[in-house]
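> Sequence first, predicted coordinates after that:
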Number of protein chains: 2
Amino acid sequence: MSEALPIITVLCPSAETAGSDARPSGLERIAERAEIRYTEASDLSQAVDGAQALFLWDFFSPAVKQAWPHTASLEWIHVAAAGVDSLMFDELSDSRVTVTNAQGIFDRPIAEYVLAAIFAHAKDFAGSLRHQQNREWAHRETQKVQGSSALVIGTGAIGRETARLLRSVGIAVTGAGRTAREQDPDFGTVIDSAELDLHVGAFDHVINAAPLTPQTTGLVGEKTLTAMREGAHLINIGRGESVDEQALIRHLQAGRLSRATLDVFVEEPLSQDSPLWDMEAVTISAHMSGDVQGWRDALAEQFVRNAARWLDGEPLHNVVDTAKGYVPSG
Amino acid sequence: MSEALPIITVLCPSAETAGSDARPSGLERIAERAEIRYTEASDLSQAVDGAQALFLWDFFSPAVKQAWPHTASLEWIHVAAAGVDSLMFDELSDSRVTVTNAQGIFDRPIAEYVLAAIFAHAKDFAGSLRHQQNREWAHRETQKVQGSSALVIGTGAIGRETARLLRSVGIAVTGAGRTAREQDPDFGTVIDSAELDLHVGAFDHVINAAPLTPQTTGLVGEKTLTAMREGAHLINIGRGESVDEQALIRHLQAGRLSRATLDVFVEEPLSQDSPLWDMEAVTISAHMSGDVQGWRDALAEQFVRNAARWLDGEPLHNVVDTAKGYVPSG
């Protein structure tokens, strides 16, 4: 009875900007078994002091690094995002703190966004909307999706779900990952990401679904873009930094690619000055490819389930290999 | 040697408007076995006189009715379209002329257009383009497609291919046709189209893929639109006349439906005055849902194959039941 409850600190976005989404739902289910401390980034150092667990509800916050000297008691950080790149820093990787993420929540929604991008482009829905805005009746020929080919860079959970969904509608899918292999259950062939430029020319759609790591930073650069097929479509739902944005802009301006569908950018929100906004061959969305209705509740529930395991002393789900920067698959 | 070759008249659009597409490709494959007479609508009466076959390459032309008194020798009309509604008239239905159509060519492309419409709407690509045009970074929640429900009106080849494609990505599909039934291989349950308003409220997506017949004219009218689910999405790839366009406009203006994706209209091209152009909840395309790259060559080749059968005295493919107005399935 007198034993102190474990402390879980919850880093929230400011209520000013996030409104009713500022706090996760459902934490009352663990409120009797832990002391829950809600905080914003500015007060994280005090709030995390003495805490055993930290829930990054404000999932892109880089505040943990600054508060690191105050985390002596910390055992576990859960990030309500699939990518942990904005959290990671050397002291954390070198520490014994367990990091878990939101793997699973975004897989299907992001796969659907990729398929939506492929179909919208094939059927030129952007062109139809522009003609509609000009009251133009403009018959065009469109593309058949069945029988087209896609390369999915990244063989984690999101890449795999994307591969499965694309294959279900008759797209021929290949993967690109850290190790080349054959007979992968979702991809069949997986090529070595380091040899992207040798293979990328064979595909109509090239999808970046890789986590941001040193190996994937700038992965789709000048060489890869040059090697892409004339008229190919690049889709980025991973991280902006995996694509050389300036090189991409040059290739789009030269008309070599038919489209880039971009949900992520080097700078977010995308700068008002970016030439990408005005390009008809570019589709921009605001880092939302995985955010289907109910996503916040799903993220909160996933944390609560993992927190219950932690309180029960059971192994955590979705443990990130902090040296690699993602949850190893299989 | 002295026997006269059978005559095949080919009704073409005017070279002025259609350019290099004015004549079908590949007819040289039957040129030694038939006299081929190319004509435009204004000269059809003379050109069809004495002909045994008529190929409507200008597939929406209503010119056959006027030329009917000159078709005494006619045995066969092939229409390079899936819908034969603009061709049909009583004297033709009552005659012994065989009518065939382009069934098969458009099934998969149109099914893909329907799936594209569902995905583009679920992920709000139209909203993303509008925000992009205003350089606005606007995060929104989108919809998951998996687990949503669709009613496909029309159980012909296009409706069936649409059902199969939608089911392959996890959409629950029901059909609507002339006879209610269970355990249809593509639809599972088929409801009676005459009872549309009793069932339509159960579906997120309502797709008109029916041929235009007296039964389907105005089928999606005030009663059906009123019975549709709040926020439902109507997709019309059949014929404009199957939907009461004025009633649809009222329901869209009232905000009851979340979107109408319309590839076909009562008047085509759609009138410059139509309020549909300006509605953000409307997606307009120019009667092109089936027209993927290569469609014209595919249509011409399909005719040539059927013409070879006809010249060989074999039964024709894709024979339309002229009383019903479509190719009966199964």
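Received the coordinates, thanks. Numbering: from 1, shown residues only, chains lettered A, B, ... in the order given.

> Can you list the residue ranges for strands in chain A?
Taking DSSP state E as the test, the strands found in chain A are A:7-11, A:35-39, A:53-56, A:76-79, A:98-100, A:149-153, A:172-177, A:181-184, A:188-192, A:205-208, A:233-236, A:259-262, A:282-284.

> got TSV for those strands, with distance to chain B and mean pLDDT too?
Any C-beta I mention is one placed from the backbone N, CA and C, and that applies to glycine too. Converted to TSV, the strands of chain A look like this (distance: least, Cβ to the nearest Cβ, whole Å; pLDDT from 0 to 100):
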stretch	distance to chain B	mean pLDDT
strand A:7-11	19	98
strand A:35-39	22	97
strand A:53-56	18	98
strand A:76-79	18	98
strand A:98-100	24	98
strand A:149-153	15	98
strand A:172-177	14	98
strand A:181-184	21	97
strand A:188-192	18	98
strand A:205-208	14	98
strand A:233-236	12	98
strand A:259-262	9	98
strand A:282-284	5	98
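
> now those strands in JSON lines, with mean neighbour count?
Output for the strands of chain A, formatted as JSON lines (neighbours: other Cβ atoms under 10 Å in any protein chain shown):
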{"stretch": "strand A:7-11", "mean neighbour count": "24"}
{"stretch": "strand A:35-39", "mean neighbour count": "18"}
{"stretch": "strand A:53-56", "mean neighbour count": "27"}
{"stretch": "strand A:76-79", "mean neighbour count": "26"}
{"stretch": "strand A:98-100", "mean neighbour count": "21"}
{"stretch": "strand A:149-153", "mean neighbour count": "24"}
{"stretch": "strand A:172-177", "mean neighbour count": "22"}
{"stretch": "strand A:181-184", "mean neighbour count": "12"}
{"stretch": "strand A:188-192", "mean neighbour count": "17"}
{"stretch": "strand A:205-208", "mean neighbour count": "27"}
{"stretch": "strand A:233-236", "mean neighbour count": "26"}
{"stretch": "strand A:259-262", "mean neighbour count": "25"}
{"stretch": "strand A:282-284", "mean neighbour count": "23"}
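
> Let me know which of those is the nearest to residue A:107.
strand A:149-153 (12.4 Å; Cβ to Cβ).

> who does that closest one pair up with?
strand A:172-177 (parallel), strand A:205-208 (parallel) (DSSP bridges).

> Restricting to C-alpha, output the shortest one in CSV.
Written as CSV, here are the backbone C-alpha positions of strand A:205-208 (Å, rounded to 0.1, in the frame of the first residue of the first chain):
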residue,chain,number,x,y,z
HIS,A,205,6.2,3.4,-59.5
VAL,A,206,9.0,3.9,-57.0
ILE,A,207,7.9,4.1,-53.4
ASN,A,208,10.0,5.2,-50.4
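
> Just the residues contacting it, thanks.
Outside strand A:205-208, the residues that touch it by Cβ atoms under 8 Å, 6 or more residues apart in numbering or on different chains are A:114, A:118, A:148-154, A:159, A:162, A:171, A:200, A:219-220, A:228, A:232-239, A:242-243.

> my guess is residue A:192 contacts residue A:175, does it?
No. Counting by Cβ atoms under 8 Å, residue A:192 stays clear of residue A:175, with 10.4 Å between them.

> Near residue A:274, how many other residues are there?
18 (other Cβ atoms under 10 Å in any protein chain shown).

> Report the contact partners of it.
Here residue A:274 is in contact with A:265, A:267 (Cβ under 8 Å, 6+ apart).

> Ok, residue A:225 next?
Counted by Cβ under 8 Å, 6+ apart, residue A:225 has contacts A:234, A:244, A:247-248, A:251, A:256-257.

> neighbour-wise, which of the residues you listed leads?
Per-residue neighbour counts (other Cβ under 10 Å) across the contacts of residue A:225 peak at residue A:234, which has 25 neighbours.

> Let me see the contact set for the closest residue to it other than its chain neighbours.
Leaving aside its sequence neighbours, residue A:234 sits nearest to residue A:260 (Cβ to Cβ, 6 or more residues apart in numbering or on different chains; 4.6 Å). The contact partners of residue A:260, by Cβ under 8 Å, 6+ apart, come to A:233-236, A:248, A:252, A:276, A:281-283.

> Name the nearest residue to residue A:193, ignoring sequence neighbours.
residue A:176 (4.7 Å).

> right, and the strands of chain A - which one's nearest residue A:22?
Among the strands of chain A, the nearest to residue A:22 by Cβ to Cβ is strand A:35-39 (8.6 Å).

> any idea of the angle that closest one forms with strand A:7-11?
Using axes from the mean of the first three to the mean of the last three Cα atoms, to 10 degrees, the inter-axis angle of strand A:35-39 relative to strand A:7-11 is 20 degrees.

> Identify all contacting residues around strand A:35-39.
A:4-12, A:23, A:27, A:30, A:46-48, A:51.

> What pairs with that strand, parallel or antiparallel?
strand A:7-11 (parallel).

> For the strand it pairs with, C-alpha coordinates in PDB please.
C-alpha atoms of strand A:7-11 as PDB (Å, rounded to 0.1, in the frame of the first residue of the first chain):
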ATOM      1  CA  ILE A   7       5.600   7.300 -12.900                       C
ATOM      2  CA  ILE A   8       4.700   7.700 -16.500                       C
ATOM      3  CA  THR A   9       5.400  11.100 -18.000                       C
ATOM      4  CA  VAL A  10       3.300  11.900 -21.100                       C
ATOM      5  CA  LEU A  11       4.800  14.600 -23.400                       C
END
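
> quick revisit: spell out which two among the contacts of residue A:260 are the most distant pair, please.
Greatest spatial distance in the contacts of residue A:260: A:233 and A:276, 15.1 Å, computed using Cβ to Cβ.
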